[in-house]
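Undergrad: 3D model of this:
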Amino acid sequence: MAVGESQSGIMDSYLDATPRSRVAHERSVAVMPGGAKGAYHYAPYPVFFESGDGCRLVDVEGRTLVDCANHHTAQIVGHRHPAVMAAIEAQLKRGVVLGGPTGVETELAEELCDRVESLERVRFCNSGTEATLHAIRLARGVTGRPKIAKFEGGYHGSHDAVEISVAPPLGEAGDPLAPTAVPGVVGMAPAAAEDVVILPYGNIDAVTGIVESHAAELACILLDPKAGMLAPVDGFAVAVSELAREHGILLVADEVVAFRLARGGWQQTVGVTPDLTTFGKLVGGGFPIGAFGGRADLMDRLDTRAGPTGFFQSGTFSAHPVAMAAGLATLKQLTPEAFERLDRMGRQLESGLTAVFGRHEIPLTCVVAGSLFSLYFLPDPPRCYRDLVAGERGWNSPVFHSLLQQGYFLSHSLAMNALSLPMESGDVDGLIAAVDSSLERVLSDGQP
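TA: The predicted model follows:
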């Protein structure tokens with residue numbers, strides 16, 4: 001079987017198996033650009049889902065799939081967790097939104113502050129995008145400096161201050177050790193890129209040189225560890241933290257995804273104490289949420305009880321009580337024992353996939369961090385954005401669709417996947433076997 005025939009056969013099987021998804025997609029594109037939101041789309045159209053329970057999804061065709069995407073990593077306790085459902089239902093009986101504080105937002109803030117050593121105060125918003133927006137505003141306001149620094153390839157949301165050099169074309173990205181700031185989408189403020197300094201992830205010498213040359217105008221450095229997407233660079237986070245502190249630059253840790261790694265988040269695992277931290281995804285228990293917090297002397301600038309301070313953060317649905325209740329119930333499940341169980345399954349997956357890749361003798365690797373994992377057609381785990389774009393991406397779609405046909409739903413890019421607490425060891429072994437079978441099928445006639 002030729003490779004082209006393999007891919008064609010896999011796609012034909014997908015079309016045959018998903019007629020209801022195709023009808024639903026065609027209906028959606030008539031009223032929404034491209035149909036569902038951009039992150040959901042993959043060719044020829046996405047699977048539409050009917051329901052979820054535990055670590056399994058049921059699509060509109062009635063097929064059951066093991067969920068290894070976890071709604072962009074947010075559903076760490078799985079779908080319809082009894083404690084989360086009970087908390088949601090209890091809050092709904094009291095009211096959806098009541099126009100004032102209910103106390104549950106205080107409980108969730110207390111839980112976060114108890115878990116994360118660097119948190120003394122927390123504010124809630126509606127997304128990770130909002131969290132980084134407000135954290136950056138706070139950093140600029142406190143320091144009086146206009147610019148921020150972020151790492152090439154780092155995604156911190158979809159506002160103009162951060163959607164810079166998220167996935168820049170290499171022809172526009174400049175020197176790997178001194179990257180050019182490249183707007184991520186059209187329509188951004190014309191000068192947006194001028195206020196962002198781009199840093200090369202993993203190279204502390206290059207980062208030091210760039211930061212020192214811009215130190216007087218940098219309000220903060222945003223550090224996204226890319227957990228489960230990039231291979232960690234030992235000592236890098238600590239070095240960046242010390243560099244920021246030396247120059248009076250605030251360090252903002254983006255824990256929107258990495259809060260999966262430990263009870264106290266990624267910062268606990270690497271031993272850094274950021275000035276501010278942003279959160280999202282799992283913190284809302286499946287509901288829209290964002291949060292940012294940190295040192296009291298910084299966050300208390302948002303305290304307007306005595307009158308206007310020039311700082312402000314609010315929003316109609318910020319600290320939505322249903323999201324607060326669901327998030328609190330979710331965090332209560334994330335005990336040290338729960339993280340150890342997730343880590344154990346992560347190690348099982350990494351070991352099994354490494355053995356599979358070795359048998360096939362192809363340039364395919366994985367990055368696993370706790371319950372987060374990504375697959376790449378690369379000979380070695382990527383350590384920075386430039387490594388990522390060097391991978392062969394043409395094989396992602398056939399492998400994704402082959403896994404789907406075997407009952408495993410991953411991110412269609414094969415990156416930023418996640419295990420969840422309802423999973424068992426057998427689910428992990430099944431995923432390993434499915435990857436093995438998929439590679440056998442789509443690579444039988446050659447290598448990428």
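
Undergrad: neighbouring contacts of stretch 63-76?
TA: The contact list for stretch 63-76, computed with Cβ atoms under 8 Å, 6 or more residues apart in numbering, reads 17, 39, 47, 52, 55-59, 78-79, 257, 260, 281-282, 284, 286, 330, 334, 342, 371-372, 404, 407-411, 416-421, 423, 427, 430-431. No exception for glycine: its C-beta is placed from N, CA and C like everyone else's.

Undergrad: From those residues, keep the buried residues only.
TA: Those of the contacts of stretch 63-76 that meet the buried threshold are 17, 47, 52, 55-57, 59, 78-79, 257, 260, 281-282, 284, 286, 330, 334, 342, 371-372, 404, 408-411, 416-421, 423, 427, 430-431, by 16 or more other Cβ atoms under 10 Å.

Undergrad: Just give the closest residue to the residue most central in space within the chain, not the sequence neighbours.
TA: When the chain is reduced to its mean C-alpha position, the closest residue under Cα atoms, centre = their mean turns out to be Val257, at 3.9 Å. In space, Val257 comes closest to Thr73 once its chain neighbours are excluded; the distance is 5.4 Å by Cβ to Cβ, 6 or more residues apart in numbering.

Undergrad: For Ala189, see how far away the one you found is.
TA: For Thr73, the distance to Ala189 equals 30 Å [Cβ to Cβ, to the nearest Å].

Undergrad: Of those two, which one has the most company?
TA: The residue with more neighbours, out of Thr73 and Ala189, is Thr73; 25 against 12, by other Cβ atoms under 10 Å.

Undergrad: Which pLDDT value belongs to the more buried one?
TA: Note on Thr73: pLDDT of 97.

Undergrad: hang on, the earlier thing: so the residue nearest to the centre of the chain sits right up against Phe279, yeah?
TA: No: in terms of Cβ atoms under 8 Å, Val257 does not count as a neighbour of Phe279; the distance is 9.9 Å.

Undergrad: same question for stretch 388-398, mean pLDDT?
TA: When pLDDT is averaged over stretch 388-398, the result is 90.

Undergrad: Name the spans of the stretch 301-448 of the chain whose pLDDT lies under the cut-off.
TA: Across the stretch 301-448 of the chain, the stretches falling below the confidence threshold (pLDDT under 70) are 445-448.

Undergrad: ok now do the closest residue to Gly271 other than its chain neighbours, which residues does it touch?
TA: The shortest distance from Gly271 to any residue that is not its chain neighbour, by Cβ to Cβ, 6+ apart, is 6.3 Å, and that residue is Val238. Contacts for Val238 were tallied using Cβ under 8 Å, 6+ apart; they are 270-272.

Undergrad: Next, format those residues as a markdown table and append pLDDT.
TA: Listed next are those as a markdown table, based on pLDDT from 0 to 100:
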| residue | pLDDT |
| --- | --- |
| Val270 | 96 |
| Gly271 | 96 |
| Val272 | 97 |
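
Undergrad: Quick check on the residues you listed: which are buried?
TA: Neighbour counting with 16+ other Cβ under 10 Å marks 270, 272 as buried within these.

Undergrad: now, which of the contacts of stretch 63-76 lie within strands?
TA: Among the contacts of stretch 63-76, the members falling in strands (DSSP state E) are 52, 56-59, 372, 408-409, 417-418.
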